[in-house]
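Peer 1: here is a sequence together with a model predicted from it:
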Amino acid sequence: MDSLRKRLIDSGPAPFKDFMASALYDINGGYYSTNIREVGRTGDFSTSSTLNHSLANAIASWVRKILRENKELPHSIIEIGAGNGSMAQQIVKKIGFWSRLKLQYHIVEKSEPLLKLQVQRLGKRKPFQWHRDPGSALRSCSGKAIIISNELIDAFPAELIQWEEQTERWRKVMIRFEKNEWTTFAGDDYQIPKNSSLLKSHHFKEGQRIERHDDFINWFESWAGFWKEGHMLNIDYGDKFPNLYLRRPKGTVRAYFAQNRFEQMHEILARPGHQDITSDIDFTDIRNRILLDGLKEIKYQTQSEFISEHGLTDSPSDPSADLHGAGEAFKVLWHRKV
């Protein structure tokens, strides 16, 4: 038995979010901290940007448009969570010669294995700079930047909660190890935050499970004060509330291991530290709660719509723009800070 699994068992019952946080980010055995090998076809999972260049090309086009329309905005891009660096590489390649001369491309990365992959691909040379947190990156460009992230929000530990119809309340899903297997049970009440999508009326049945990305909101608020001006693009899989959970009574949480997808809870809990754990994003909740003076939502659209609007995809079978796949499943959320 490896040390992380033993520590999780010995620590006793815990909220699912705490289990997920340890499984992904424990410094001595978490998946992103120590065990992720690659992102893409040879890794445990792929992202749109590792399948082809459509999304990166569209983002480069979007960046060029913003810089043309905002002459005073510095040529500073901050990518938070850059995976294996393939999207950063393609954006810089496609951004144009004159823009590239002035460009500063800041990458925020906490995962040591992914940082090594990025440096191998991009090299420690201009225009690339690395940071441990967004505040550091923003300070280095005087708080004025274009911020982008692809599949970042889903990487935050999610609070898994369960509807109790009799008492009409949401309760945290707890994890424990007993009789040689992981099991779940309903724990303490979940305290619904201000502006949460859960404040909308809904008609969920007993036992419905959903995920909350409160840690992302708290993290955003921790550095947003350093951001003075610019644009922000968050791209991830998800949908509006409550549509996201229609026909999904167990929620959307799942694991990826060796390009296989696992949705049964016993499989999600089976390999802590050795597989990715993720869930879809409730974009109604995120849009309601990303609140900041001077921050304005510009557009919310599908990835397919974004690529069509800002990029060129010549193939009807392009997986990034597929209306029956990633093109529809992934959403693009664009904000402007003034």
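Peer 2: In hand now; what should we look at? Nothing here was measured: the structure is a model prediction, and the numbers come from that model.
Peer 1: ok, residue 275 - how many residues close by?
Peer 2: Counted by other CB atoms under 10 Å, the residues lying close to residue 275 total 24. In short, each C-beta sits where N, CA and C put it, glycine included.
Peer 1: go on, residue 62?
Peer 2: Using other CB under 10 Å, residue 62 has 21 other residues around it.
Peer 1: ditto for the one 4 residues further on
Peer 2: Residue 66 is surrounded by 16 other residues when neighbours are defined as other CB under 10 Å.
Peer 1: again with residue 114
Peer 2: Neighbourhood size, residue 114 [other CB under 10 Å]: 20.
Peer 1: who's in contact with the helix or strand where it lies?
Peer 2: Here residue 114, judged by DSSP states H and E, is contained in helix 112-122. For helix 112-122, the external contacting residues (CB atoms under 8 Å, 6 or more residues apart in numbering) are 32-39, 82-86, 88-89, 107, 109, 128, 130.
Peer 1: can you give me the buried ones in it?
Peer 2: Within helix 112-122, the residues that qualify as buried are 113-115, 117-118, 122, counting by 16 or more other CB atoms under 10 Å.
Peer 1: turn the residues you listed into TSV, columns for distance to residue 3.
Peer 2: Formatted as TSV, the buried residues of helix 112-122 follow (distance: CB to CB, whole Å):
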residue	distance to residue 3
113	18
114	22
115	23
117	24
118	27
122	33
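Peer 1: just the strands from the stretch 51-200 of the chain, written as ranges.
Peer 2: Assigned strands in the stretch 51-200 of the chain, in chain order: 76-80, 104-108, 128-131, 144-150, 159-164, 169-178, 181-189 (criterion: DSSP state E, counting those that start in this stretch).
Peer 1: now the angle between strand 76-80 and the second one, please.
Peer 2: Using axes from the mean of the first three to the mean of the last three CA atoms, to 10 degrees, the direction of strand 104-108 lies 20 degrees away from that of strand 76-80.
Peer 1: distance from strand 104-108 to the middle of the chain?
Peer 2: Strand 104-108 sits 17 Å away from the centroid of its parent chain (CA atoms, centre = their mean, to the nearest Å).
Peer 1: outside of the helix or strand bottoming out on mean pLDDT in the chain, which residues touch it?
Peer 2: For the chain, using mean pLDDT, DSSP states H and E, the weakest element among its helices and strands is helix 48-51, scoring a mean of 77. Contacts to helix 48-51, defined as CB under 8 Å, 6+ apart, come from residues 39-41, 54-56, 83-84, 86-87, 90, 150-151, 235, 303, 319-320, 326, 330.
Peer 1: thanks a lot, catch you later.
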